[in-house]
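# Sequence first, predicted model second:
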Amino acid sequence: MDDAAKRVMGLRLPSDPYWARLALQSPQEILTDHAWLEQKAASSCISLIVNYSDRQQLVEVLAPIVSEEWGHFRMVLHELWKRGLKLGRPRKDEYVNGLMAWVRKQQGRDIQLLDRLILGALIEARSCERFRLLHEKVADRDLARFYYDLMISEARHYRTFLDLAKMFFPEDQVEQRWKEGLAYEAELLKRMEQRLDRMHDGLA
Ligand SMILES: [Fe+2]
Ligand SMILES: [Fe+2]
């Protein structure tokens, strides 16, 4: 990731390119983990729509992203199947669960919305960064294109989540919570176990 991209997304802890090189040695593991990551992205947009159906703009913006994330899930399925690999079972996601613990659940529905939108932007930013590494390291040209396209989509989603947050909350409140989220995410990754079979692990 170049400096400009890093500044745009603000991630505090750059991932080690070594992770991508090793992760690519186990296509079954990394593609299975990736497929479920896309499923969770679609599910969390659905959950936001269900919980905040009174916010018309949120529904309008997130409804097409549900389709897009589900399309990503299907793209990963295609990559698995064309290699004779299977989807496999979903795994416990320490990264997403760790981030969910940061949401202030006792402070009312609006604060929860702010935190969930920031969390969405964080996950998209980290996914974008990791897809970029995979794109740079993978030898298979089709897979390189696949990761490149995903990197572009997730960068756009990162922006969408932050823009949505700024639609509903004052800009300085969003900026403050975004900074707190970035710091929390970096600490979470430092605490996590280093794993090569996960899209998001502690090897950063
Ligand atoms: Fe996606
Ligand atoms: Fe996304």
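Looks like it came in fine. Ligands and ions are numbered 1, 2, ... in the order given.

# and the residue of the chain found nearest ligand 2, what element?
Here the chain gets closest to ligand 2 at one residue, His157, 3.7 Å apart by Cβ to the ion. (Glycine included, C-beta is placed from N, CA and C.) Using DSSP states H and E, His157 sits in helix 141-168.

# List, one by one, the residues from this protein near ligand 2.
Contacts of the chain with ligand 2, taken as Cβ under 5 Å from the ion, map to Ala41, Glu124, Glu154, His157.

# want to throw the residues you listed into CSV with distance to Ile118?
Converted to CSV, the residues of the chain next to ligand 2 look like this (distance: Cβ to Cβ, whole Å):
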residue, distance to Ile118
Ala41, 15
Glu124, 11
Glu154, 16
His157, 13
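
# Of these, which is the most crowded?
In terms of neighbour count, Glu154 stands highest of the residues of the chain next to ligand 2 at 25 neighbours, by other Cβ atoms under 10 Å.

# what residues are up against the nearest residue to that one once chain neighbours are set aside?
With sequence-adjacent residues excluded and distances taken as Cβ to Cβ, 6 or more residues apart in numbering, Glu154 is closest to Cys128, at 4.0 Å. Cys128 is in contact with Met9, Met151, Glu154, Ala155, Tyr158, counting by Cβ atoms under 8 Å, 6 or more residues apart in numbering.

# now do Lys86
Residues in contact with Lys86 (Cβ under 8 Å, 6+ apart) are Gln28, Thr32, Leu80.
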